[in-house]
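pasting the structure only:
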């Protein structure tokens with residue numbers, strides 16, 4: 001008898017210990033789960049996504065889309081970082097491209113069940129293309145959306161056929177939240193590419209349908225009304241561009257210029273006729289009495305682009321020895337200098353060397369110049 005009572009006491013003790021352990025586990029589980037549940041609840045209370053639909057052509061009307069306000073207001077989260085490509089925020093400005101107001105979201109959700117579970121807006125024009133907006137207000141429509149409203153924008157196929165180019169557009173989806181009198185928006189930061197084989201873009205999991213079933217969230221108001229909108233910013237592709245290249249095999253690299261009656265020249269500078277070398281037009285410009293630091297002591301000589309091109313040039317400038325062919329040669333290489341926006345030297349040849357008859361630079365009161373263009377960069381506009 002004593003042995004049986006002892007066994008019963010032992011069993012009761014084991015059960016008691018087991019119950020205590022279970023209670024501790026439950027308490028600990030609740031303690032760790034509470035922050036997660038609270039964050040999830042707060043997220044559901046403050047988060048809003050954007051769908052759109054349109055009955056009003058705001059582009060042609062000249063009015064702001066959905067320009068209404070409510071008297072209700074409350075504090076709410078203004079920014080949430082989702083990822084590097086999508087951002088979700090609130091703003092006061094209404095949609096800029098198109099807007100729709102449903103008199104009753106629940107009624108619309110029922111009516112579209114016979115239309116593929118989607119509502120498609122009237123066509124509207126943005127950036128020279130026709131668009132429509134599609135809203136899927138029911139669960140798991142399209143497949144994979146689960147309990148979320150899905151929203152898409154579609155470019156009209158006929159627009160792409162008439163203008164068969166890729167279209168890049170930045171898309172922002174918005175929905176009105178009456179509790180804060182602002183538009184909550186979801187924006188894809190990268191422009192979307194539309195073409196004949198990709199005419200549609202959107203968000204499969206845009207906003208939980210439950211937000212449109214409980215007026216307390218602010219996305220339905222005044223008896224079930226809801227408002228959606230979209231910004232579509234079409235980025236036009238560049239039409240002009242340039243190609244930078246460096247030419248080294250120059251056609252017709254040499255040009256000679258003879259300046260006669262040199263002693264009677266009284267102008268500050270003289271410019272040669274235009275000549276073509278390497279497919280570009282050039283001129284030589286000389287200052288008989290010098291320019292800048294060379295004024296009064298040296299002749300200045302420059303190579304200029306006739307079309308005012310500013311590039312990298314490598315060339316040889318010469319004053320010709322008309323007696324022994326012992327020419328004076330200097331090489332230029334680089335970008336244009338400040339004096340003439342060209343390539344050359346203020347002090348190319350001193351007056352002493354120029355007037356020395358034994359050197360042959362000035363013969364019969366004439367001076368000869370020569371340029372040999374070795375290479376240059378060019379920029380072509382396409």
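Thanks, I have the structure now. All values reported here derive from a predicted model rather than from experimental measurement.

Residue ranges in the chain under the pLDDT threshold?
Residues of the chain that meet the criterion pLDDT under 70 lie in 1-87.

For stretch 168-176, list every residue counted as buried.
By neighbour count on 16 or more other CB atoms under 10 Å, the buried set for stretch 168-176 is 168-169, 171-176. Any C-beta I mention is one placed from the backbone N, CA and C, and that applies to glycine too.

Please list all residues in contact with residue 366.
258-262, 322 (CB atoms under 8 Å, 6 or more residues apart in numbering).

ok, so of the residues you listed, who is nearest residue 334?
Ranked by distance to residue 334 (CB to CB), the contacts of residue 366 are led by residue 259 at 25.9 Å.

My guess is the closest one contacts residue 364. True?
No. Using CB atoms under 8 Å, residue 259 makes no contact with residue 364, being 11.7 Å away.

higher neighbour count, the two?
Higher neighbour count among residue 259 and residue 364: residue 259, with 16 against 9, using other CB atoms under 10 Å.

What count of nearby residues applies to the closest residue to the more buried one other than its chain neighbours?
The shortest distance from residue 259 to any non-neighbouring residue, by CB to CB, 6 or more residues apart in numbering, is to residue 367 (5.1 Å). By the criterion of other CB under 10 Å, residue 367 has 22 neighbours.

Show me what counts as buried in the helix or strand in which residue 367 is found.
Using DSSP states H and E, residue 367 sits within strand 366-381. Residues of strand 366-381 classed as buried: 367-376, 378 (neighbour count, 16+ other CB under 10 Å).

Which one of these is nearest to residue 187?
Using CB to CB, those come closest to residue 187 at residue 378, 42.2 Å.

Please give me every residue in contact with residue 285.
269-272, 301-304, 340, 342, 344.

CSV for the residues you listed, including neighbour count and secondary structure?
Shown next, in CSV, are the contacts of residue 285 (neighbours: other CB atoms under 10 Å; DSSP: H, G, I helix; E, B strand; the rest coil):
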residue, neighbour count, secondary structure
269, 14, coil
270, 14, strand
271, 13, strand
272, 20, coil
301, 28, strand
302, 26, strand
303, 25, strand
304, 21, strand
340, 19, coil
342, 21, coil
344, 24, strand
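
Could I get the residues you listed in TSV, plus columns for distance to residue 139?
Below are these laid out as TSV (distance: CB to CB, whole Å):
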residue	distance to residue 139
269	83
270	86
271	81
272	82
301	83
302	78
303	76
304	74
340	76
342	74
344	79
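
residues contacting the closest residue to residue 166 other than its chain neighbours?
Nearest residue to residue 166 in three dimensions, chain neighbours excluded: residue 195, at 4.9 Å (CB to CB, 6+ apart). By CB under 8 Å, 6+ apart, the residues touching residue 195 are 160, 165-167.

same check, this time on residue 377
So residue 377 contacts 244-247, 311-313 (CB under 8 Å, 6+ apart).

Report the buried members of those residues.
247, 311, 313.

Would you double-check that residue 193 falls in a strand?
Yes. Assessed with DSSP: H, G, I helix; E, B strand; the rest coil, residue 193 lies in a strand.

how far away is it from residue 201?
Residue 193 sits 9 Å away from residue 201, going by CB to CB, to the nearest Å.

okay, these two: which has more neighbours?
Higher neighbour count among residue 193 and residue 201: residue 201, with 15 against 11, using other CB under 10 Å.

Show me what the more buried one bridges to in the sheet.
residue 153 (DSSP bridges).

quick one, what contacts it?
152-153, 171, 188, 192, 194.

Distance of it relative to residue 249?
Residue 201 is 49 Å from residue 249, by CB to CB.

What residue, apart from its backbone neighbours, is nearest residue 368 spatially?
Per CB to CB, 6+ apart, closest to residue 368 is residue 320, 3.9 Å.

Next, the contact list for that neighbour, please.
256, 327, 361, 367-370.

Hmm, residue 196 and residue 164 touching each other?
Yes. If you go by CB under 8 Å, residue 164 and residue 196 touch, sitting 7.1 Å apart.

how deep is residue 297 tucked in, by neighbour count?
13.

Contacts only, for it.
290, 347, 350-351.

partners of the host helix or strand of residue 171, with directions?
Residue 171 belongs to strand 167-177 when elements are defined using DSSP H and E. With DSSP bridges as the test, strand 167-177 is paired with strand 182-188 (antiparallel), strand 192-194 (antiparallel), strand 226-235 (antiparallel).

now for the host helix or strand of residue 243, which elements pack on it?
Assigned by DSSP H and E, residue 243 falls within strand 242-247. Counting contacts by 3 or more CB pairs under 8 Å, 6 or more residues apart in numbering; DSSP states H and E, strand 242-247 is packed against strand 366-381.

Thanks a lot, catch you later.
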